[in-house]
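Asker: Attaching a predicted model along with its sequence, questions to come.
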Amino acid sequence: MRRVQTEGMGSGSFRHWQKPLRWSFCAMTMTCFGTISALAQSDQLQKQLQELKQEYDQTTHDLEQRIAALEQQVEQEKEIKEKSKEGTVSTVELAAQQAVQGAVGGESNEVGAKFQGQLSQEPTYDFVREADAEIKNLQQQLGTFEFHGYFRSGYGLNSVGGEQVAFQAPGAGAKYRLGNEAETYAELIFVNNWVNPEHDSSKTWMKTEFMIEANTTNSANYANFPNQVGNDQFRLREAFVQAGNVLDSQPDAKFWAGERYYRRQHIDIDDFYPLDMSGYGAGVEDLDFGKGKMSVAFLSGARPDVITENGNYAKSSIDVRFYDLKGPVGLWGGWFDFATSKGGKLLSGSTSDLTPGQNIASTKGYAFGLRHQRLEWHGGYHSFSIQYGTGPASNYSTSIDDPTPFLHSEKRLLMTEQVLVQPNDRFAIMPIFIYQRSRDGNPLHDWNQWVSFGVRPEVFFTKYLSLAFEGGFDHTQSRGQYDGWLRKFTIAPQIGAGRKFFSRPVLRAFLTFADWSDGLREFVGGVPYQNRTSGLTYGVQAETWW
């Protein structure tokens with residue numbers, strides 16, 4: 001009985017604890033699954049956190065590289081803008097800027113580069129550093145080089161159907177330009193800075209300048225005609241070396257030698273040079289003497305078509321100038337030139353008064369002038385000059401007149417006045433006046449005279465659209481040859497790069513009308529108008545300088 005009871009009590013006790021055990025087991029199972037699930041979720045969160053950290057690091061790295069690249073580009077653009085304040089941005093600087101943009105953004109104007117040179121992703125740090133080093137090396141190599149120039153080109157027709165002709169009075173030293181230039185003309189200037197290419201004003205500098213002049217009659221895109229008629233022409237107009245800040249006592253002084261345009265004075269609307277001593281020689285400019293500056297130069301030239309027993313007939317000049325002298329109403333300047341030509345027996349070549357075997361006399365002459373300027377005057381400037389010359393110096397240039405027996409007696413008086421007024425960004429005007437009286441020295445010949453006055457107003461409608469007018473009048477007189485007047489008027493709608501009188505580049509269409517007195521018949525307008533006293537041309541033109 002006790003055994004049975006014992007068994008009964010054990011069975012009852014088991015049944016008594018069976019249900020709580022099941023609940024405990026379920027609870028333990030659930031706790032284990034919960035723990036396992038929590039651990040799995042923690043691992044997943046840890047993995048996500050790690051991935052976010054990696055993504056954050058990569059994004060931060062990429063952004064830092066982009067910021068560094070953009071900062072580099074901004075700094076280089078600032079340098080270019082700062083240089084542009086001192087003058088026109090050079091082609092090399094613009095090329096460098098484009099190179100930076102290409103390196104940073106994978107951009108290029110080359111067709112092949114649009115497909116082969118683009119970046120597949122944002123630039124990496126190593127790529128940007130490598131590109132930066134290459135650009136700096138390129139800038140260091142090319143930063144010494146400058147490219148400047150001027151050109152005008154276009155095409156026009158005359159009213160009878162032929163090619164455009166220019167209207168210019170005989171005996172006039174120039175013609176009014178707007179709508180009256182029947183050629184393509186360019187001056188291409190190459191400069192290399194050998195010493196101090198950074199243009200540090202406190203250091204010595206040295207540079208070379210080389211200029212090629214190109215001229216074509218617009219007869220054909222590639223002019224190659226028999227007998228060289230109408231063919232393209234190329235000339236070397238400048239080839240010189242210049243150095244500055246050589247003397248501590250004269251840091252602004254500039255020394256030069258070679259062939260160059262030398263301190264020319266220019267009137268723009270009729271392209272006239274009252275003083276042009278361009279040629280071969282050497283000199284020094286911008287010597288400071290306290291009250292102003294001065295320059296001294298030796299300039300020379302020769303005529304290979306006139307040969308004497310001494311060789312090619314030559315003319316040498318000593319040119320002395322004083323300028324930037326502050327006066328009561330602006331800046332003043334003075335100029336003096338002494339010129340000599342060595343004579344001898346004429347071996348070959350002929351002039352209107354000499355034939356081979358005759359003797360050419362040695363000659364000398366002088367010229368002097370006075371100039372007044374106001375460089376800031378009603379939005380523009382004002383310039384007046386008067387000059388007088390004798391003998392071989394009377395043409396105010398290094399060019400050599402025919403060596404006649406009367407060369408030593410030649411005389412010339414020249415007065416010029418030009419004004420540019422631009423009171424606002426909607427209107428500008430340039431009037432000019434020229435008076436010249438000259439004599440070739442022959443006692444049988446009278447004085448020649450040229451009087452000219454003209455004006456070019458421009459009206460600016462927008463930043464890029466304008467309308468230019470130009471009217472000019474010339475009266476020329478040479479006893480026994482011609483005596484009469486020429487009037488010329490042009491209207492030209494323009495697309496330009498700004499609201500200034502000299503804003504360039506500019507595209508223009510033009511219509512030009514000219515008429516002249518009977519005394520100039522056959523002297524004006526060339527073949528189309530040789531028997532007429534009026535003419536009309538029209539066409540298009542582009543003009544710029546940089």
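Answerer: Arrived safely, thanks for sending. Residues are numbered from 1 along each chain as shown.

Asker: what about the helices in the chain?
Answerer: For the chain, helices defined by DSSP state H occupy the ranges 2-86, 91-105, 111-116, 125-142.

Asker: Lowest mean pLDDT across those helices, which one is that?
Answerer: Of all the helices of the chain, the minimum mean pLDDT falls on helix 111-116 (a mean of 36).

Asker: Report the beta-bridge partners for L247.
Answerer: With DSSP bridges as the criterion, L247 is bridged to Q250.

Asker: isn't it right up against F255?
Answerer: No. Contact between L247 and F255 fails when scored by C-beta atoms under 8 Å: they sit 9.1 Å apart. C-beta here means a position set from N, CA and C on the backbone, and glycine is covered the same way.

Asker: what about these two, which has more around it?
Answerer: F255 (16 against 13; other C-beta atoms under 10 Å).

Asker: which residues touch the more buried one?
Answerer: Applying C-beta atoms under 8 Å, 6 or more residues apart in numbering, we find F255 in contact with 242-244, 246, 282-284.

Asker: can you do 6 Å?
Answerer: With contacts defined as C-beta atoms under 6 Å, 6 or more residues apart in numbering, F255 is in contact with 243, 284.

Asker: Need the pLDDT of it.
Answerer: Confidence at F255, expressed as pLDDT, is 98.

Asker: That one and P304, how far apart?
Answerer: Per C-beta to C-beta, to the nearest Å, F255 is found 29 Å from P304.

Asker: Give me the nearest residue to G230, chain neighbours excluded.
Answerer: Distances taken as C-beta to C-beta, 6 or more residues apart in numbering place S219 nearest to G230, at 4.2 Å, with adjacent residues excluded.

Asker: Ok, Q233 next?
Answerer: In space, and not counting its chain neighbours, Q233 is closest to N215: 4.6 Å by C-beta to C-beta, 6+ apart.

Asker: can you give me the strands for the stretch 301-450 of the chain?
Answerer: Residue ranges of the strands in the stretch 301-450 of the chain, as given by DSSP state E, counting those that start in this stretch, are 311-327, 330-341, 344-348, 359-360, 363-377, 380-390, 411-424, 427-439, 448-460.

Asker: Point out the one among the ones you listed that comes closest to E183.
Answerer: Closest to E183 of those, according to C-beta to C-beta: strand 448-460, at 19.8 Å.

Asker: List the neighbouring strands of the closest one plus their orientation.
Answerer: By DSSP bridges, strand 448-460 pairs with strand 427-439 (antiparallel), strand 465-478 (antiparallel).

Asker: Rebuild those as JSON lines, extending it with mean neighbour count.
Answerer: As requested, the strands paired with strand 448-460 are exported to JSON lines (neighbours: other C-beta atoms under 10 Å):
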{"stretch": "strand 427-439", "mean neighbour count": "19"}
{"stretch": "strand 465-478", "mean neighbour count": "20"}
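
Asker: Looking at those, spot the one closest to K411.
Answerer: strand 427-439 (5.0 Å).

Asker: got the contact list for that closest one?
Answerer: For strand 427-439, the surrounding residues in contact (C-beta under 6 Å, 6+ apart) are 267, 269, 411-422, 447-459, 501.

Asker: Which of the helices and strands in the protein ranks last by mean pLDDT?
Answerer: In the chain, no helix or strand scores lower on mean pLDDT, DSSP states H and E than helix 111-116, which sits at a mean of 36.

Asker: where's the residue nearest to G149 when sequence neighbours are not counted relative to A542, distance?
Answerer: What sits nearest to G149 in space, not counting adjacent residues and going by C-beta to C-beta, 6+ apart, is L188, at 4.6 Å. For L188, the distance to A542 equals 16 Å [C-beta to C-beta].

Asker: so where is the chain shaky, pLDDT-wise?
Answerer: Residue ranges of the chain with pLDDT under 70: 1-43, 45-46, 49, 52, 77, 79-142, 220-225, 228, 350, 352.

Asker: Give the burial count for D446, as a bare number.
Answerer: D446 has 13 neighbours, counted by other C-beta under 10 Å.

Asker: For it, which residues are in contact?
Answerer: R479.

Asker: now swap in the one 10 residues further on and tell me
Answerer: By C-beta under 6 Å, 6+ apart, the residues touching R456 are 269, 430, 470.

Asker: mind putting the residues you listed in a markdown table, distance to L347 included?
Answerer: Shown next, in a markdown table, are these (distance: C-beta to C-beta, whole Å):
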| residue | distance to L347 |
| --- | --- |
| I269 | 44 |
| M430 | 48 |
| E470 | 48 |
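
Asker: from those, which single one is nearest R479?
Answerer: The closest of the contacts of R456 to R479 turns out to be I269 (C-beta to C-beta; 29.2 Å).

Asker: residues contacting G379?
Answerer: 422-423.

Asker: For it, grab phi and psi.
Answerer: Here is the backbone geometry of G379 (degrees, to the nearest 10): phi 80, psi 0.

Asker: how near is it to R499?
Answerer: The gap separating G379 from R499 is 11 Å, by C-beta to C-beta.

Asker: likewise Y313?
Answerer: Counting by C-beta to C-beta, the gap from Y313 to R499 is 50 Å.

Asker: The two: who's more crowded?
Answerer: Set Y313 next to R499 and count neighbours by other C-beta under 10 Å: Y313 wins out with 23 against 20.

Asker: now that one, which residues is it bridged with?
Answerer: In this entry, Y313 is beta-bridged to R303, by DSSP bridges.

Asker: Hmm, G301 and it touching each other?
Answerer: No. The pair Y313 / G301 is not scored as a contact, 9.9 Å apart, by C-beta atoms under 6 Å.

Asker: Please list all residues in contact with L299.
Answerer: By C-beta under 6 Å, 6+ apart, the contact list for L299 reads 277, 279, 281, 317, 319, 398.

Asker: partners of it in the sheet?
Answerer: In this entry, L299 is beta-bridged to G281, S317, by DSSP bridges.

Asker: F489 too?
Answerer: Beta-bridge partners recorded for F489 (DSSP bridges): G471, F513.

Asker: Any idea how many residues pack against it?
Answerer: Neighbours around F489, by other C-beta under 10 Å: 18.

Asker: I'd like to know how far it sits from Q358.
Answerer: Taking C-beta to C-beta, one finds F489 at 48 Å from Q358.

Asker: hang on, the earlier thing: may I ask you to confirm that the residue nearest to G230 is in contact with N231?
Answerer: No. Applying C-beta under 6 Å as the test, S219 and N231 come out as separate, 8.5 Å apart.

Asker: Please determine how far T363 is located from H445.
Answerer: 18 Å.

Asker: Sorry, slip of the keys, the one I care about is A497.
Answerer: Distance, A497 to H445, by C-beta to C-beta: 48 Å.

Asker: Same question for P251.
Answerer: Computed as C-beta to C-beta, the P251 to H445 distance reads 51 Å.

Asker: now do K500
Answerer: Distance from K500 to H445, by C-beta to C-beta: 45 Å.

Asker: Over to A542?
Answerer: Distance, A542 to H445, using C-beta to C-beta: 43 Å.

Asker: now swap in L63 and tell me
Answerer: L63 is 84 Å from H445, where distance means C-beta to C-beta.

Asker: Settle it for me: which of these two has more neighbours?
Answerer: H445 (14 against 11).

Asker: what sits against that one?
Answerer: Contacts of H445 by C-beta under 6 Å, 6+ apart: none found.

Asker: Can I get the contacts of L299 in a markdown table including distance to T537?
Answerer: Output for those, formatted as a markdown table (distance: C-beta to C-beta, whole Å):
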| residue | distance to T537 |
| --- | --- |
| M277 | 34 |
| G279 | 34 |
| G281 | 40 |
| S317 | 39 |
| D319 | 39 |
| T398 | 33 |
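
Asker: can you pick the most crowded of those residues?
Answerer: When those are compared by neighbour count (other C-beta under 10 Å), M277 ends up highest, at 28 neighbours.

Asker: what phi and what psi does the backbone show at that one?
Answerer: phi -100, psi 30.

Asker: So for F147, which of the strands paired with strand 448-460 sits nearest?
Answerer: Across the strands paired with strand 448-460, F147 has its closest neighbour in strand 465-478 (27.6 Å, C-beta to C-beta).
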